[in-house]
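**Student:** sharing a model that was predicted from the sequence below.
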Amino acid sequence: MASNAEQANTLSRFLPREINGWRAEGKDESYNPETVFDYIDGAGEVYRAYNFEILVARRYLKEGEPNLIADFFDMGTASDAFGVFTHDLEGEAFEIGQGAVYKGGLLSFWKDRYFVSLYAESETAASKPALLGLGEEIAVAIPAQGKKPALLSYVPDGFDLKKVRYFHSHLILNYHFFVSTENILHLGQKTEAVLAFSGDKPDSVRVLIVRYPDANAAVLALQNFAKAYMPDAAETGLVQTEDKKWTAVKNKDNYLAIIFNALWAAQARNMAASVVQKIVD
Amino acid sequence: MAKKILTRRDFLRMAAMAPLVGAAGTSLEGVFQKAPADKVRVVLVRDKEALDSAGKQNAEVIQKMLDDAIMALFGEKTPADAWRRIIKPSDTVGIKTNVWNYLPTGPAVEQSLKRRVMDVGIPEERIAVNDRGVLRDRVFQNATVLINARPAHTHHWAGMGGCIKNMIMFVPRPWDYHADACADLATIWNLPSIRGKTRLNVLLLLTPLFHGIGPHHFSAEYVWPYKGILVGQDPVAVDATGVRVLQAKRLQFFGEERPLQPPAHHIVFADTRHNLGVSSPDRIELVRIGWQEDILI
């Protein structure tokens, strides 16, 4: 296994020294999951929740222009690089790497096992083209393509795959769709989950698909979820909630599929069934 | 507007926030000697001239704002009388600041506070201003009084960075307090180095950050010149009031309710679970002084 220093050197090689007159300043800094809080405060927890291995930060300076900051994360796997990218999808989409968004002077993209955040300390007419150019150069330098998580293929038709979230932690689930303060689904670093939405409205239908390490873990999670969330319908796995919407949960092997906010009982039941039909492990 | 229906998701959220006062080893009752029936006073001072044309803190105006706020907080007629309510010449004072690169407390506020501490008769060698080095700072190690001053901003893991969270540098491993979106940050206030020593909390709303993006959780697009400062003795009441300002700005900016993400539930838990102070607006006496335009709350 490569040391932190070797990994950091590998990442540094993907970063250009100059872009549109901005030049790299000083020595690159690198951080691991233990030291990341020295650099990015509490937001470091997001990257830890996606198992990041090393972060290399480089600052670019140009006279009369804002500093540009490149934060280059080796997430260890393409799934986690994709996942951490899906954590914040706000912004204008660009075809850089395997997916990119730009907003408020921040360009984020992922490619292979890497997640890249490029940030201008303030926005000027020159900073956006510089960030986009920097992103394109880094993306081209990364030779391989990453594979998206297989869980995405189980999302039913009608859900927006461009807005899907992939994660491990229940805190990240709650960030995107609050279910419970307690970790009633037993999510953690050994589980994978995707959350997809049928639309942008707050009351759109959600599908949550979780893959557990084994079938027993999935059954235990199902029992706990049913007890905490639908004690009035634990047997059927289908319940009408207080807002007249429907929630359905279904288990197959080491998977759980949960539909939230369905308009009708049949919709919830059929969507959950369509997920488990797709599961082919 | 349609009446919101409480769902089981709402109940699961609220159940976790139910009072747990008395849980072994977690209660901070008595730290501020608050009488449960009384309201806690928080002062919001604003001044149109708090920032210069470049957005930099105007030191003279900041001094006046802090003086006015502290006099209003204690009902005193001079800054010296107000400061003498919380410190005495024999004290050793640590001013806990915040050096976050994108939104620091700043020298104007730090020096204003330090000046007034010195005016009480405390020599400079018994005053320190520090953030990340508090554990190694001899003045902080011997401090009898702490003054807590920092800017308010949304926070990617805690919901809001405010006065409660500002004490995180008093622990060697801050990430040990990150569980459940920093739910139990208030327990830090039970450490011997802090407990009962923090006499004043200053939450800067000069240029608050109401939304964050990216690893650094900062974009200049999401700060605005509110030109305000919140001052109080109760850090929970001060933070709870700060959250109201941030949420009001989010509503104004986004044109829809956008709750803080994640919710700043550590502030509620500081009240209901750890009894550090009060978080409910109906138990906070908010005194507004100075500039009132676009005050939001």
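**Tutor:** On my side now, so go ahead.

**Student:** for stretch A:135-150, which positions count as buried?
**Tutor:** For stretch A:135-150, a neighbour-count test (16 or more other C-beta atoms under 10 Å in any protein chain shown) marks A:Gly135, A:Glu136, A:Ile138, A:Ala139, A:Ile142, A:Gly146, A:Lys148, A:Pro149 as buried. No exception for glycine: its C-beta is placed from N, CA and C like everyone else's.

**Student:** stretch A:268-276 too?
**Tutor:** In terms of neighbour count (16+ other C-beta under 10 Å), stretch A:268-276 has its buried residues at A:Ala268, A:Arg269, A:Met271, A:Ala272, A:Ala273, A:Ser274, A:Val275, A:Val276.

**Student:** among the residues you listed, name the ones in helices.
**Tutor:** Here DSSP state H is the test, and the buried residues of stretch A:268-276 give A:Ala268, A:Arg269, A:Met271, A:Ala272, A:Ala273, A:Ser274, A:Val275, A:Val276 as lying in helices.

**Student:** rebuild those as a markdown table, extending it with distance to chain B and pLDDT.
**Tutor:** Rendered in a markdown table, the data for those read as follows (distance: C-beta to the nearest C-beta, whole Å; pLDDT from 0 to 100):
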| residue | distance to chain B | pLDDT |
| --- | --- | --- |
| A:Ala268 | 15 | 96 |
| A:Arg269 | 19 | 95 |
| A:Met271 | 18 | 95 |
| A:Ala272 | 18 | 96 |
| A:Ala273 | 23 | 95 |
| A:Ser274 | 24 | 94 |
| A:Val275 | 21 | 95 |
| A:Val276 | 23 | 94 |
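
**Student:** and stretch A:200-215, how far apart are its ends?
**Tutor:** 33 Å (C-alpha to C-alpha, to the nearest Å).

**Student:** what are the buried residues along that stretch?
**Tutor:** Within stretch A:200-215, judged by 16+ other C-beta under 10 Å, the buried ones are A:Val205, A:Arg206, A:Val207, A:Leu208, A:Ile209, A:Val210, A:Arg211, A:Tyr212.

**Student:** export those residues to TSV and tack on distance to A:Glu45?
**Tutor:** Converted to TSV, these look like this (distance: C-beta to C-beta, whole Å):
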residue	distance to A:Glu45
A:Val205	29
A:Arg206	23
A:Val207	26
A:Leu208	21
A:Ile209	24
A:Val210	21
A:Arg211	23
A:Tyr212	23
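
**Student:** torsion angles phi and psi at the most centrally placed residue in chain A?
**Tutor:** Chain A has A:Gly83 as the residue nearest its centroid, 2.6 Å off, counting by C-alpha atoms, centre = their mean. A:Gly83 adopts backbone torsions of phi -60, psi -50, taken as degrees, to the nearest 10.

**Student:** that one and A:Asp157, how far apart?
**Tutor:** According to C-beta to C-beta, to the nearest Å, A:Gly83 stands 22 Å off from A:Asp157.

**Student:** try A:Ala49
**Tutor:** For A:Ala49, the distance to A:Asp157 - C-beta to C-beta - is 29 Å.

**Student:** got it, and A:Lys147?
**Tutor:** For A:Lys147, the distance to A:Asp157 equals 22 Å [C-beta to C-beta].

**Student:** please tell me I have it right and A:Ser122 contacts B:Ala220.
**Tutor:** Yes. A:Ser122 is within contact range of B:Ala220, at 5.0 Å (criterion: C-beta atoms under 8 Å).

**Student:** more crowded one of the two?
**Tutor:** The residue with more neighbours, out of A:Ser122 and B:Ala220, is B:Ala220; 16 against 12, by other C-beta atoms under 10 Å in any protein chain shown.

**Student:** just to revisit the earlier point, the residue nearest to the centre of chain A against A:Asn51, yeah?
**Tutor:** No. Applying C-beta under 8 Å, one finds A:Gly83 not in contact with A:Asn51, separated by 9.1 Å.

**Student:** which residues do those two both contact?
**Tutor:** A:Met75, A:His168 (C-beta atoms under 8 Å, 6 or more residues apart in numbering or on different chains).

**Student:** need the next SSE after the host helix or strand of B:Asp10, C-terminal direction.
**Tutor:** Here B:Asp10 sits within helix B:8-16, counting by DSSP states H and E. With elements assigned by DSSP H and E, the helix or strand that comes after helix B:8-16 is strand B:40-46.

**Student:** show me how far that following strand is from its chain's centre.
**Tutor:** Taking C-alpha atoms, centre = their mean, to the nearest Å, one finds the center of strand B:40-46 at 11 Å from the center of the full chain.

**Student:** in the next helix-or-strand element following that strand, what's buried?
**Tutor:** Note on strand B:40-46: by DSSP H and E, the next helix or strand toward the C-terminus is helix B:59-74. Neighbour-count burial for helix B:59-74, counted by 16+ other C-beta under 10 Å, picks out B:61-74.

**Student:** element containing A:Ser12, please.
**Tutor:** Assigned by DSSP H and E, A:Ser12 falls in helix A:4-14.

**Student:** would you mind listing the buried residues in that helix?
**Tutor:** So for helix A:4-14, counting by 16+ other C-beta under 10 Å, buried means A:Gln7, A:Ala8, A:Leu11, A:Phe14.

**Student:** nearest residue to the third one other than its sequence neighbours?
**Tutor:** Taking C-beta to C-beta, 6 or more residues apart in numbering or on different chains, and ignoring the residues beside it in sequence, A:Leu11 has A:Val56 as its nearest neighbour in space, at 4.2 Å.

**Student:** just the pLDDT at that neighbour, thanks.
**Tutor:** We have a pLDDT of 97 for A:Val56.

**Student:** residue contacts, it?
**Tutor:** Contacts of A:Val56 (C-beta under 8 Å, 6+ apart): A:Ala8, A:Leu11, A:Ser12, A:Leu15, A:Asp28, A:Glu29, A:Ser30, A:Ala70, A:Asp71, A:Phe72.

**Student:** A:Ser79 and A:Val249, how far apart?
**Tutor:** For A:Ser79, the distance to A:Val249 - C-beta to C-beta - is 24 Å.

**Student:** where in the chain is pLDDT low?
**Tutor:** By default, I'm working from chain A. A:1-2, A:42, A:281 (pLDDT under 70).

**Student:** my bad, chain B
**Tutor:** For chain B (pLDDT under 70), the answer is B:1-6, B:11-37.

**Student:** interface residues of it facing chain A?
**Tutor:** By C-beta under 8 Å from any C-beta of the partner chain, the residues of chain B that approach chain A are B:5-9, B:12-13, B:15-17, B:100, B:155-158, B:161, B:174-175, B:178, B:180-182, B:212-217, B:219-222, B:261-262, B:265.

**Student:** inside strands: which ones of those?
**Tutor:** Residues of those located in strands (DSSP state E): B:His155, B:Gly161.

**Student:** OK, contacts around residue 203?
**Tutor:** Looking at chain A here, since you left the chain open. With C-beta under 8 Å, 6+ apart, A:Asp203 has these contacts: A:Asp243, A:Lys245, A:Asn261.

**Student:** other chain: chain B
**Tutor:** B:Leu203 touches B:Arg150, B:Pro151, B:Ala152, B:Gly162, B:Cys163, B:Ile229, B:Leu230, B:Val231, B:Val238, B:Asp239, B:Thr241, B:Gly242, counting by C-beta under 8 Å, 6+ apart.

**Student:** which element is it on?
**Tutor:** strand B:198-209.

**Student:** same check, this time on B:Arg244
**Tutor:** helix B:235-254.

**Student:** list the buried residues in that helix.
**Tutor:** The neighbour-count check on helix B:235-254 (16+ other C-beta under 10 Å) flags B:235-243, B:245-247, B:249-250 as buried.

**Student:** so what's A:Gly83 closest to, chain neighbours aside?
**Tutor:** For A:Gly83, the spatially nearest residue (C-beta to C-beta, 6+ apart) is A:Tyr166, at 3.9 Å.

**Student:** over to B:Lys39?
**Tutor:** In space, B:Lys39 is closest to B:Glu285, 4.1 Å off (C-beta to C-beta, 6+ apart).
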